[in-house]
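# What shape does this take:
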Amino acid sequence: MLRYKSIWLIVFCLVLISSMVSLPSMTKASGNFITGSYGGKSYKLYVPSHYDSSKSYPLYVMLHGCTQDATQFSTGTKMNALSEEKEFLVLYPEQNASSNSNKCWNWFETGHQSRGSGEPSVIAGMVQSIKTNYSIQNDEVYVAGLSAGAAMSVIMGATYPDVFSGIGVGAGLEYKAATSMIEAFTAMSSGGPNPIQRGRDAYKAMGSRAKPLKVIVFHGTSDYTVNKVNGDQVISQWAVTNSLVATGTEGWLDDQADKTANLQVPSGKSYTVYDYKAQDEKVWMKKVNILNMGHAWSGGSSQGSYTDPQGPDASRMMWEFFQSDVDPPKDIPVTTATPGGGTYKDSVNVELNSNIAGTIYYTTDGSEPTIHSNIYSQPLTITENTTLKFFSISNDGKTESVKTESYLIKTEDDHTDETTLSSIANEDGFVGKYTADGKSNGTIKVGDKGMYNTDTYRGILSFDTSTIKEPIESAKIRLYPKAKQGKISLLHLDVKTGVFGSNSTIEQADYANSATQSNISSLSPSEGEYMEINIPVNSLSQINLNGTTQFRLKADTTAGFNSNFIEFYGGETVDYAPTLIINSSN
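Residues are numbered from 1 along each chain as shown. Here you go, the predicted model:
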């Protein structure tokens, strides 16, 4: 087994060296590239600059290849720039070296080929986490990948068809093309097992959630890492799977192309596009064979790894294919709970309101609500610790993602200690996106500078949390407004166990450095002496009991000529300093 692992490492390192043209850099795009984590794995999320939480957007999940990471893959695929143009969000889950020494997704291991286990469950969980914090169109979530990431994207489609509507496969393999590392080498060089049987297996994996999925495949004819026969097998497998889903029998969709087009990139490579129609006359599958292309993302940027800029633009072709039969988006309902989750004395009355007429479904036991759950008709009186989950279906049938709010109810018999910490005056403040935008610890500022920019300023709050007693039951941050201009639609909060930069004082790096958890809570700014942001229960463990905890404030604004910002008092103004309010059990 060690010998095979060594071969695996050598093969992919050689491919990486031969494919990498230059060191990767960020794809040219002006949105927000956020770092987060879920299930023990990191991810990056690209949010386009014109994101508006009152609207809903498609989500693309991009799975990198071996030895790559999220930044390399975003650069190589140019997906962030396309996201800016077409307005969708992009999630880049990252494999870690502790799970696979070459950072390959473990598509060839049985523990990572089923729903509810291994890497598929983590990736699906990441998607749900993003849907909780952002307005995502449920029926427009797509997964795509390169090489090992492409093989995992096929698995995601088979195991989570309720989450995804389409699959992009760049130099990938059919479902369960291998169930061991030894079989993986065989499949990569000469193809996997019978794709007809694997199509049936994928259908079984879908279970009661089965639905047809759009599939687009890209493969180079000179790919000597993953033989192009694998691309053909992906098509054959999904022809069977989609047919069984649609009619219960095979033949509704087959692997014989109904249309073929021979094309060429100007001053680039020739390629052939194959369209596969089902009996409903819709093109459910598409295959693109790129002449003389090796193991690479077609049409990618030379600044990334494993790319061939001379091939057709795979990212754009995926977008166009997935959007080809999508109806123009209608307004998606957005439901809010008032007041939001937090700690309350004895009881709290919670109202659920949607911006669009429809039906609100909810549960109070922490289970996922469905159309068979309680229907909201009047305020809910909550008298005990409760996890409230809810969503709306508009009258025209559009469904929003499930939202969650946690309520902690304290009674006279409960004994808690409340600790109030003021932010550290010489460590809080704001930092601009670029050096020219400035930085300061004299005030805490979030928003934009105008001139059609967004997210120019981010506020930093720094607290010495080493004196807090365990266990923490609840926490919130109180902020006192100082000045406001224009409109801020939402404030978002990141948390860092420790400090964002190299030390606790304000640095340029504080703007973009990774958070321990991103977007843990949101707040719509309101009038009044102060505003409070509740820290969710699942983020309380990120409070550093051995030193400093920092929080980063970000704002959603609309790009325009005039600036939109809000300023809060910093720690230097004692009576109005930001405070972290902690409730701990005796």
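
# How far does the longest strand seen in the chain sit from its chain's centre?
When the chain is parsed with DSSP state E, its longest strand is strand 136-146. Distance of strand 136-146 from the chain centroid (Cα atoms, centre = their mean, to the nearest Å) equals 10 Å.

# Restricting the selection to alpha carbons, write the next helix or strand after it to CSV.
Going down the chain from strand 136-146, the next helix or strand is helix 148-159, by DSSP states H and E. Provided in CSV are the C-alpha atoms of helix 148-159 (Å, rounded to 0.1, in the frame of the first residue of the first chain):
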residue,chain,number,x,y,z
ALA,A,148,-10.5,14.3,-7.8
GLY,A,149,-12.8,17.3,-7.2
ALA,A,150,-14.8,16.3,-10.4
ALA,A,151,-15.1,12.7,-9.1
MET,A,152,-16.4,14.0,-5.8
SER,A,153,-18.9,16.3,-7.6
VAL,A,154,-20.4,13.2,-9.3
ILE,A,155,-20.7,11.6,-5.8
MET,A,156,-22.3,14.8,-4.5
GLY,A,157,-25.0,14.7,-7.2
ALA,A,158,-25.7,11.0,-6.5
THR,A,159,-25.9,11.4,-2.7
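
# helices or strands next to the helix or strand following helix 148-159 in the packing?
Proceeding N to C from helix 148-159, the next assigned helix or strand is strand 166-170, under DSSP H and E. Strand 166-170 is packed against strand 136-146, helix 148-159, strand 214-220, helix 229-247, helix 314-323, with contacts defined by 3 or more Cβ pairs under 8 Å, 6 or more residues apart in numbering; DSSP states H and E. Heads up, the C-betas are built off the backbone N, CA and C, glycines and all.

# pLDDT weak spots in the stretch 1-150 of the chain?
Along the stretch 1-150 of the chain, segments meeting pLDDT under 70 span 1-30.

# In it, what residue spans correspond to helices?
2-19, 70-77, 79-86, 118-133, 148-159 (DSSP state H, counting those that start in this stretch).

# Nearest to Q550 among those would be which one?
Among those, the nearest to Q550 by Cβ to Cβ is helix 118-133 (19.7 Å).

# between the closest one and helix 148-159, how big is the angle?
Interaxial angle of helix 118-133 relative to helix 148-159 (axes from the mean of the first three to the mean of the last three Cα atoms, to 10 degrees): 80 degrees.

# what's across from E567 in the sheet?
K445, A483 (DSSP bridges).

# Hmm, G442 and it touching each other?
No. With contact defined as Cβ atoms under 8 Å, E567 and G442 do not form a contacting pair (9.8 Å).

# between these two, which one's more packed in?
E567 (19 against 15; other Cβ atoms under 10 Å).

# Quick one: residues contacting the residue nearest to V283 when sequence neighbours are not counted.
Using Cβ to Cβ, 6 or more residues apart in numbering and skipping the chain neighbours, the partner closest in space to V283 is D275 (4.8 Å). The contact partners of D275, taken as Cβ atoms under 8 Å, 6 or more residues apart in numbering, are A257, D258, K259, T260, V283, M285, K286.

# Out of those, which end up buried?
A257, V283, M285, K286 (16 or more other Cβ atoms under 10 Å).

# Which secondary structure elements does the helix or strand where S518 lies sit against?
In this assignment (DSSP H and E), S518 forms part of strand 517-523. When contacts are defined as 3+ Cβ pairs under 8 Å, 6+ apart, strand 517-523 packs onto strand 32-38, strand 490-497, strand 531-535.

# right, so the helices and strands packed on strand 166-170: which one is the most enclosed?
helix 148-159 (a mean of 29; mean count of other Cβ atoms under 10 Å).

# Quick one: list the elements packing against that one.
Against helix 148-159 (3+ Cβ pairs under 8 Å, 6+ apart) you get strand 57-63, helix 118-133, strand 136-146, strand 166-170, helix 195-206, helix 229-247.

# chain center to that helix, what's the gap?
16 Å.

# Could you do stretch 186-195 as well?
Stretch 186-195 sits 31 Å away from the centroid of its parent chain (Cα atoms, centre = their mean).

# Could you export that stretch as CSV, CA atoms only?
Taking C-alpha atoms only, stretch 186-195 is exported to CSV below (Å, rounded to 0.1, in the frame of the first residue of the first chain):
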residue,chain,number,x,y,z
THR,A,186,-6.9,1.4,-12.7
ALA,A,187,-9.9,3.6,-13.3
MET,A,188,-7.8,6.7,-13.9
SER,A,189,-5.8,4.9,-16.6
SER,A,190,-8.4,2.7,-18.3
GLY,A,191,-11.9,3.6,-16.9
GLY,A,192,-14.1,2.4,-14.1
PRO,A,193,-16.5,-0.6,-13.9
ASN,A,194,-19.6,-1.0,-16.0
PRO,A,195,-21.2,2.5,-16.2
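
# for F463, helix, strand, or coil?
strand (DSSP: H, G, I helix; E, B strand; the rest coil).

# per-residue pLDDT, the residue nearest to V283?
With respect to pLDDT, D275 scores 95.

# What does it show for phi and psi?
phi -110, psi 140 (degrees, to the nearest 10).

# Let's have the helices and strands packed on strand 166-170 in a markdown table, adding distance to I543.
Formatted as a markdown table, those follow (distance: least, Cβ to Cβ, whole Å):
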| stretch | distance to I543 |
| --- | --- |
| strand 136-146 | 29 |
| helix 148-159 | 34 |
| strand 214-220 | 44 |
| helix 229-247 | 46 |
| helix 314-323 | 39 |
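
# re the thing from before, and the buried ones among the contacts of D275, which two are furthest apart?
A257 and V283 (10.1 Å).

# which residues are common contacts for the two?
D275, Y276.

# can you give me the strands in the stretch 451-586 of the chain?
Using DSSP state E, counting those that start in this stretch, the strands of the stretch 451-586 of the chain run over residues 457-464, 472-479, 481-485, 490-497, 517-523, 531-535, 548-556, 564-568, 579-585.

# Kindly spell out which helices and strands sit in contact with the longest one.
Based on contacts counted as 3+ Cβ pairs under 8 Å, 6+ apart, the elements that strand 548-556 packs against are strand 444-448, strand 457-464, strand 490-497, strand 564-568.

# Could you tell me the angle between the last one and strand 548-556?
Angle, strand 564-568 to strand 548-556, by the same axes, to 10 degrees: 150 degrees.

# Tell me the buried residues in stretch 184-195?
Quick answer for stretch 184-195 (16+ other Cβ under 10 Å): A184, F185, A187, M188, G191, G192, P193, P195.

# Enumerate the beta-bridge partners assigned to the residue nearest to V283.
In beta-bridge terms (that is, DSSP bridges), D275 pairs with K259, K286.

# Relative to W319, how far out is it?
When Cβ to Cβ, to the nearest Å is the yardstick, D275 and W319 sit 17 Å from each other.
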